Every structure is written in C-alpha cells, then in structure tokens.
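**Q** show me how the following folds:
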Amino acid sequence: MASLFDRFKSIINKNSQNTAEGYNRAIYNWLGESIIWNPENDDSYINEGYRKNATVYSLVNIITKAATTIPFQIYEVENVNDYKRYKSLTSGTIDSTVMQKAMMLKNKSMVELHDTELHMLLERPNPAQSYNSFITELIAFGKLTGNRYIYGLAPETGNNANKYTELYVMPSQIMEIVSGGLMNPVSKYKIQYNGTYEMDASDICHIKDFNPYYDGTGSHLYGQSPLRAGLRALTTNNEAIQTGVKYLQNQTARGVLMSEEGDLNEVQAQQLKDKFKNQFTGSNNAGEVLITPKKLSWVNFGLNAADVSLIEQYNASVKDLCNIYNVPVQLLNNTDSNTYNNMKEAKKALYQNAVIPELVKIRDEINRWLCPQYGDKYKFDFDFTCIPELQEESDKVVEQLSKAWWITPNEKRAVMNYGEDEENEALNDYYIPANLLPVNAENIDIPVDENVRESVDIDVSKFLKEKKTEIESKQTYDNYPQSATNNAKRMLEFREKYGRDVVQGGTDIGWRRASQLASRTALSLSTLKRVKSFLARHKDNSKISDEFKGEPYKDKGYVAYNLWGGESMRTWVNKFLDKLES
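**A** Numbering: from 1, shown residues only. Take a look at the predicted model:
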C-alpha cells in the first residue's frame, strides 16, 4: 500500500514533471517505461570543446569566474506583487537605472534573512565542495551540454526528514532520463558510472536550455547544448589549430631551383646555392632584381599559413563561438579592438548577456525545487548590486537621489547599499523642497513685500497621495510587554558579563533590536512585522538546549531568540498585529 500511495503522491505533486495524457500521446511515441536517449553527444562537446579547445575553455571559465563573484542571499517574501515586479525587472537587461528600481522593489517585497539552514546548506552543499566550486560545476556543465543536474540527499528520519541536507552536481554527459509512461514522462534519472544508479525525479533539479527538437521519443526533455549550434565553428577552430600544428611540424625547404639547360653536378649546385645565399638574402638585398645567365625553373613544395587562410578562418570561428556564449570577443585578448572604454563596456556586456541570465535561470529553479522545503516564503537570490560594471559613478547616483524628493531617505540608503536605518523613524518620511508649490495655488497668499519673508503652510496631502497602509506604517508602538524588555536586558547583561567571544549568539541587527527593547523604544509597524517573522522562524529556540542548561548564554539560538524579546514578545506581537489587521 505504501508504494501505491507514494506513486499516487508523486503523480499529483505540483513540482513533479507530469503532463496530461492527451498531450503526452501527441508528443511521445512510446507507451511503457523506457530510457529516453539523448541524441546529442555530450562527450564530444566536453572532449572536443572544453578539454581540447582553448577558446571554449576560456569562454566557459570567463562566465563561471564572473558568476562566482556574485554573492547569494536568502530572503522572505512579504509583498508578492512587488516581488513579481522585481523578478520581471531582473529577468531582462539590467543597467544602472533598472538596478535602482529593482533594489527599491526588492527592499519593499522581501526581508533579508541571516544564519538560516538554507544558508548553511548552500555555503557548504556537500562535505567535498564549497559554494564556489558547486556553482562553477553547475554553470560549466550547462554551458557545455545544455543540462544541469542537482541531486539532493535527505535523511529518511529525524528532524530533517525529507529535507535536503546535501547537494551534488551530477555529470550531465552520463545522466539518462527514465520514463514512467504516458502519465509520468520523467519518473527517474539514471547514471552509469562504475555501476548503475537510479534517482527519483523529485530528488533531481534538472535545469535545461531550450530544445526545439521534438522527434516523438522524448529527446526534447534534454536541453540543447550551445555547442550543438556552434559545432561547425568548433570544428573549424580545432581544424585550423591542428593544421597549423602540422604545418609547423612538417616544415621543409620551400622548393627546388633547377636548371633547364641540363643537369647540375653537386659542385655546381652548391656554388649556385652559396651564390644566392650570399648575394640575394638579408635585409640589404630586399627588393633587389635577380639576374642569372642560365635559364632556371622553380618547384614549390607547399603553401604557407597565409596561403591557406588559417588565421582568417581561426579568427572567424573564435567570433562565432563568442557569439554563441554571448561573451564579447575583446575579453579573449583580441588586440584589434582593445581600448580602455571597449574593455569596460565588454565586461558590462558579459554580465548583462551571459552571467546574469544564467544566474536568473538557476535562481528560479532553486526557488521552485529547494526553497519550499525550508519555508513557504523563502526565496534564494543573487545580489547583483555587487557588480561594479553595472553601477554608475557614485556622484551621479547621489545627484539623482538628492533631487528625488518623492523617495524617503531610507529608500535612498537602500539604493546606495547602506541599509535601512531602523532607529530613526524620521528617515521613513518624505521631505518636500520648500520652493515647491501645488499646481492649484489659489488659496495661498504670496507676500507682496519682497523684504518680508513669511512661511507658507502647504498641504502636502493635496499632491502626495498616500495609501492608508503607508500612513499607518509611520506610526510607532511602545506597548509591548515588560517581560520582553527583561528578556532583552538579560541578554545584554550576558554580553557585558561574559564578553562577545563567549556570548556568540545573535547578529548585529539582533543586538540593536535588544537595545531598542531594553530602552523601551517605540517600534514602527514594519519593525514589528520583522519581529513577528523572526520569532516565528526561530520559535524552536525558545527553550535552552539540554547541553547548555547551566550556561544559557552559550546557547546561540536561545540568545538570538531572546534578543528579539523572546516568547512573551512573540505572543504579544502575533495578537497585536492580528488585531491591527482586522
């Protein structure tokens, strides 16, 4: 019964790769379980491409090295609509203007999390890999074969049952898709390497490039390699290099000079050779006209590199491969068009056309496959603001923001990557320049005497339309329980008594929150929502672990939880916000 239930569960799983029977009958020819063969030879793309071709090797490494410099973050979604707008902005071509708008939407829609289980998993996906090597392998396999496979391992029992605790990048050239029939086109993945191993489809995150080749066998379930389209360019590049190597290895004399009046003996031939060598070679004899009393003929032994156009064919194939991978040819040390400005624009184009689209594809699949296991609203994302080539000069950004009075100071801080100042509520307000007046200014008395300055009271609400929720967000509340204040004070006393080296729990934000609670600082509505979110995620840390019963200040989770007010704060903030929303 258990196996039957598991099969039914896999069929209705929203994340499984199942499609309707009518569609499957129209697309696939088979009815029973079978292996779907990949018509592309991924081994050749790896062996003839990455392992033998310097251009492909360089292109893949340029993309992977640039991608690994962009850090990832884990967020919790608070506003779904703004999050969708943020995704839409970052899925297209990103420049400095788009980046500013995207960061503002990101700060409105999501809250950055710290020290979650998902952080620890991605920073060390498995015991043998770091995040950098993991993401490098994932992107490199995708750029060579068009397929990226992530295998998740989860314990069957315990607190982490059915939650992935290790992630592995599988070698895409030896992965096979096993069909489960019409109702389940992808039931398993199979790998044959020192034995045969099968993995459930739900344990594999398959990120593939678009493949338009439908032949009825299901081969379109594999991604198409970029080198499939560039196979001729790759072959031309390899052959041009191979021909050049053979030419250098097989160099001989350029040809034979013969007399047509009769045979020359060895002495005469040597004399003729020495005469040509002494009188007609060297820079002093360049451009001289040769005159000989005898009639001579020349037989050529072969063509030089210029004659067979090796250089032209090689350069053309390099440009084709760069176009396939969306990498500017200037980044391959192409000296024909290398200037400082060109290189700057080339690096910018690399991120816009090659790196960011690849990371966005990985981001969306990780959010579909992995993040729901750790939280319904958890999202994995990359911090594109760390890319210097996409940032305008600081003085230009500051000048633009200083004129944008319709943006709050905290929103400006977010654009400049300084973070929100939660301690000063005044930074969440709008500051209107004093020289601005409403369009309908009939009711405003303007002084006639220019020597007398009078203040004009302008009703900002006439032209600044704010929603009710935005007005309420500016209100502050200090009616949280005294016990929450006591919990925060106790943690601060721990730190003062034992030192930060011993009391290691909590982040900088957590300690700032404790200072606010200890001093009974009034908290804004947005801050209370963050408190609710944090305490909900870490409610398992409300009690001291058994190993730290006598030394609670060493329990990192317990300390972090009480910095935000502890259990009494969680109970109060849940009731308070529920009542406020109703």
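**Q** so where's the stretch 401-550 of the chain uncertain?
**A** 416-419, 422-423, 425, 434-474 (pLDDT under 70).
**Q** same check, this time on the stretch 1-150 of the chain
**A** Applying pLDDT under 70 to the stretch 1-150 of the chain flags the ranges 1-19, 30-33, 96.
**Q** and with 90 instead?
**A** Along the stretch 1-150 of the chain, the model assigns pLDDT under 90 to residues 1-45, 47-48, 78, 88-109, 111-112, 114-115.
**Q** can you give me the helices for the stretch 451-582 of the chain?
**A** Secondary structure of the stretch 451-582 of the chain (DSSP state H, counting those that start in this stretch): helices at 468-472, 482-498, 508-518, 525-537, 556-563, 566-581.
**Q** now the angle from the last one to helix 556-563?
**A** Angle, helix 566-581 to helix 556-563, by axes from the mean of the first three to the mean of the last three C-alpha atoms, to 10 degrees: 50 degrees.
**Q** run the chain-centre distance for helix 566-581.
**A** Offset of helix 566-581 from its chain centre (C-alpha atoms, centre = their mean, to the nearest Å): 37 Å.
**Q** same deal with the longest one?
**A** Its chain's C-alpha centre lies 40 Å from the corresponding centre of helix 482-498 when counted by C-alpha atoms, centre = their mean.
**Q** what does stretch 519-533 give?
**A** Counting by C-alpha atoms, centre = their mean, stretch 519-533 is centred 32 Å from the centre of its parent chain.
**Q** could you tell me the end-to-end distance of it?
**A** Length of stretch 519-533, first residue to last, C-alpha to C-alpha, to the nearest Å: 22 Å.
**Q** list the buried ones in it?
**A** By neighbour count on 16 or more other C-beta atoms under 10 Å, the buried set for stretch 519-533 is 523, 524, 525, 526, 527, 528, 529, 530, 531, 532, 533. All C-beta spots, glycine's among them, are computed from the backbone N, C-alpha and C.
**Q** out of the helices of the stretch 451-582 of the chain, nearest to residue 99?
**A** Residue 99 lies closest to helix 525-537 among these, at 23.2 Å (C-beta to C-beta).
**Q** could you check the angle helix 482-498 makes with the closest one?
**A** With the same axes, to 10 degrees applied, the angle from helix 525-537 to helix 482-498 works out at 70 degrees.
**Q** and the helices of the stretch 451-582 of the chain as JSON lines, adding distance to residue 160?
**A** Listed next are the helices of the stretch 451-582 of the chain as JSON lines, based on distance: least, C-beta to C-beta, whole Å:
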{"stretch": "helix 468-472", "distance to residue 160": "38"}
{"stretch": "helix 482-498", "distance to residue 160": "28"}
{"stretch": "helix 508-518", "distance to residue 160": "24"}
{"stretch": "helix 525-537", "distance to residue 160": "16"}
{"stretch": "helix 556-563", "distance to residue 160": "16"}
{"stretch": "helix 566-581", "distance to residue 160": "24"}
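**Q** and of those helices, who's closest to residue 36?
**A** Among those, helix 525-537 comes nearest to residue 36, with 40.8 Å by C-beta to C-beta.
**Q** check which helices and strands that closest one sits against.
**A** helix 566-581 (3 or more C-beta pairs under 8 Å, 6 or more residues apart in numbering; DSSP states H and E).
**Q** would you list the buried residues of stretch 519-533 in a markdown table and tack on distance to residue 384?
**A** Formatted as a markdown table, these follow (distance: C-beta to C-beta, whole Å):
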| residue | distance to residue 384 |
| --- | --- |
| 523 | 31 |
| 524 | 28 |
| 525 | 29 |
| 526 | 24 |
| 527 | 27 |
| 528 | 30 |
| 529 | 26 |
| 530 | 23 |
| 531 | 29 |
| 532 | 29 |
| 533 | 24 |
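**Q** and the residues you listed, which is closest to residue 431?
**A** Among the buried residues of stretch 519-533, and counting by C-beta to C-beta, the member closest to residue 431 is residue 524, at 17.5 Å.
**Q** the closest one touches residue 478, doesn't it?
**A** No - between residue 524 and residue 478 there is no contact under C-beta atoms under 8 Å: 10.9 Å.
**Q** what ranges do the helices span in the stretch 301-450 of the chain?
**A** 310-325, 340-350, 356-369, 394-403, 409-415.
**Q** who wins for proximity to residue 483 among the ones you listed?
**A** Closest approach to residue 483 among the helices of the stretch 301-450 of the chain (C-beta to C-beta): helix 409-415, 30.1 Å.
**Q** elements contacting that closest one?
**A** Counting contacts by 3+ C-beta pairs under 8 Å, 6+ apart, helix 409-415 is packed against helix 96-109, helix 394-403.
**Q** for the host helix or strand of residue 133, buried residues please.
**A** Assessed by DSSP states H and E, residue 133 sits inside helix 131-145. Residues 134, 135, 136, 137, 138, 139, 140, 141, 142, 143, 144, 145 are the ones in helix 131-145 that count as buried (16+ other C-beta under 10 Å).
**Q** ok, now how distant is the first one from residue 74?
**A** Meaning residue 134. Note on residue 134: its distance to residue 74, by C-beta to C-beta, to the nearest Å, is 16 Å.
**Q** and for the last one?
**A** Residue 145 sits 29 Å away from residue 74, going by C-beta to C-beta.
**Q** neighbours of residue 206, how many?
**A** Other residues within reach of residue 206, judged by other C-beta atoms under 10 Å, total 21.
**Q** the chain should start at 10 in everything you say after this.
**A** Got it, the first residue is 10 from now on, which makes the last one we talked about residue 215.
**Q** so it sits in a strand?
**A** Yes - assessed by DSSP: H, G, I helix; E, B strand; the rest coil, residue 215 belongs to a strand.
**Q** tell me the contacts of it?
**A** The contact partners of residue 215, taken as C-beta atoms under 8 Å, 6 or more residues apart in numbering, are 26, 156, 157, 158, 195, 198.
**Q** for these, give me JSON lines that also has distance to residue 305, neighbour count and secondary structure.
**A** Output for the contacts of residue 215, formatted as JSON lines (distance: C-beta to C-beta, whole Å; neighbours: other C-beta atoms under 10 Å; DSSP: H, G, I helix; E, B strand; the rest coil):
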{"residue": "26", "distance to residue 305": "76", "neighbour count": "15", "secondary structure": "coil"}
{"residue": "156", "distance to residue 305": "64", "neighbour count": "26", "secondary structure": "strand"}
{"residue": "157", "distance to residue 305": "66", "neighbour count": "25", "secondary structure": "strand"}
{"residue": "158", "distance to residue 305": "68", "neighbour count": "22", "secondary structure": "strand"}
{"residue": "195", "distance to residue 305": "75", "neighbour count": "20", "secondary structure": "coil"}
{"residue": "198", "distance to residue 305": "72", "neighbour count": "20", "secondary structure": "strand"}
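**Q** now those as TSV including distance to residue 416?
**A** Listed next are the contacts of residue 215 as TSV, based on distance: C-beta to C-beta, whole Å:
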residue	distance to residue 416
26	43
156	44
157	39
158	44
195	47
198	49
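**Q** out of the helices of the stretch 460-591 of the chain, which comes closest to residue 56?
**A** With respect to residue 56, and counting by C-beta to C-beta, the nearest of those is helix 534-546 at 47.3 Å.
**Q** now do the closest one against helix 517-527, angle only.
**A** 110 degrees.
**Q** touching helix 534-546 from outside, list them.
**A** Residues outside helix 534-546 that contact it (C-beta under 8 Å, 6+ apart): 85, 87, 120, 122, 125, 384, 431, 437, 481-482, 484, 486, 522, 532, 570, 573-574, 578-579, 582-583, 585-586, 589.
**Q** ok, stretch 64-75 next?
**A** For stretch 64-75, using C-beta under 8 Å, 6+ apart, the contacting residues are 58-60, 144-145, 148-149, 152-153, 236, 243, 246, 326-327, 330-331, 334, 336, 340-341, 359-360, 363-364, 367.
**Q** quick one: buried ones out of those residues?
**A** The neighbour-count test (16+ other C-beta under 10 Å) marks 58-59, 144-145, 148-149, 152-153, 236, 243, 246, 326-327, 330-331, 334, 336, 340-341, 359-360, 363-364, 367 as buried among these.
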